[in-house]
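Student: Provide a 3D model corresponding to the input given below.
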Amino acid sequence: MVSISSCFESLRRERQCALIPFITAGDPDLQTTAEALRVLDTSGADIIELGVPYSDPLADGPVIQAAATRALQRGVCLDDVLSMVKDVSKQIKSPIILFTYYNPILNRGIEQFLQQIADVGVRGLVVPDLPLEEAEALMQPAAEIGIDVVLLVAPTSPKERIEALARRSQGFIYLVSVTGVTGIRSQLEGRVQDLLQQMRSITDKPIGVGFGISQPEQAAQVKNWGADAVIVGSAFVKRLADGTPEEGLQAIGDFCSNLKAALKDLT
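Tutor: Below you'll find the predicted structure:
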């Protein structure tokens, strides 16, 4: 498994846009999650974002909230997730980004948490409720241990804040495409294109766009607007939860392949 930065460097040389699927750990169960990581890795994913179930997921829409609730009801906890990742990370090439809220990190202790996720093969971290003003306490030790902390840029952020977030974000910058929580949208907001152009004028770091992307056509549109990565969450989580685990795994594999094909069409 390569680092996030190395992954983007390789894709840029090939003039490719990264595909970053998101799934929730433990839904429907951790065995299926492990297999889902392997399926995504062989179906076109370049990086995989793995959500840790949390009881108060403020940034997540109804699909991902429901998945986290189901996982928690089955008793899935952080240690279970990390144990599963430890086994799977040795079998896949796609770097794993852990998506978690800040409270579990603080409860465990920042340095202990970072060391634990690094030891099992995690390469990046997204913490949606981590404000920039408090990020240094996490980002400095993360950089020392080799974990990229990816910061989110909201579509309502003023230019000065976008510049500050772009300077600090590690691995890539996560541009939130909509105002609000995650979820499936029928169309994307046109201002995402303007935001991408604005960010291009202030940084050369890779930019990934997420929240609301649910169709291959939307993924291709975002890539055409200039994104370095397309992040798709709820559409994967929903497919994995529908039907039997075997049917869900087949569905996310097919969907991942279709998304990657759409991104390659515009190269």
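Student: count of residues packed around residue 203?
Tutor: Neighbour count of residue 203, defined by other C-beta atoms under 10 Å: 15. To be clear about C-beta, it is placed using only N, CA and C from the backbone, and glycine gets the same treatment.
Student: helix/strand/coil for it?
Tutor: Put simply, residue 203 is coil when judged by DSSP: H, G, I helix; E, B strand; the rest coil.
Student: Go ahead and produce CSV holding the CA coordinates of the helix or strand where residue 67 lies.
Tutor: Taking DSSP states H and E as the definition, residue 67 sits inside helix 62-73. The C-alpha coordinates for helix 62-73 follow below in CSV (Å, rounded to 0.1, in the frame of the first residue of the first chain):
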residue,chain,number,x,y,z
PRO,A,62,-29.4,9.7,6.2
VAL,A,63,-27.9,6.8,4.2
ILE,A,64,-24.5,6.9,6.1
GLN,A,65,-26.2,7.7,9.4
ALA,A,66,-28.3,4.6,9.1
ALA,A,67,-25.3,2.4,8.2
ALA,A,68,-23.4,3.7,11.2
THR,A,69,-26.4,3.0,13.4
ARG,A,70,-26.7,-0.5,12.2
ALA,A,71,-23.0,-1.1,12.8
LEU,A,72,-23.2,0.3,16.3
GLN,A,73,-26.2,-1.9,17.1
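Student: which stretches of the chain form helices?
Tutor: With helices called from DSSP state H, the chain shows them at 4-13, 30-42, 62-73, 78-88, 102-108, 110-119, 136-145, 159-168, 191-200, 216-225, 234-241, 245-265.
Student: Could you identify which of these is most buried?
Tutor: Most buried of the helices of the chain by mean neighbour count (mean count of other C-beta atoms under 10 Å) is helix 234-241; its value is a mean of 24.
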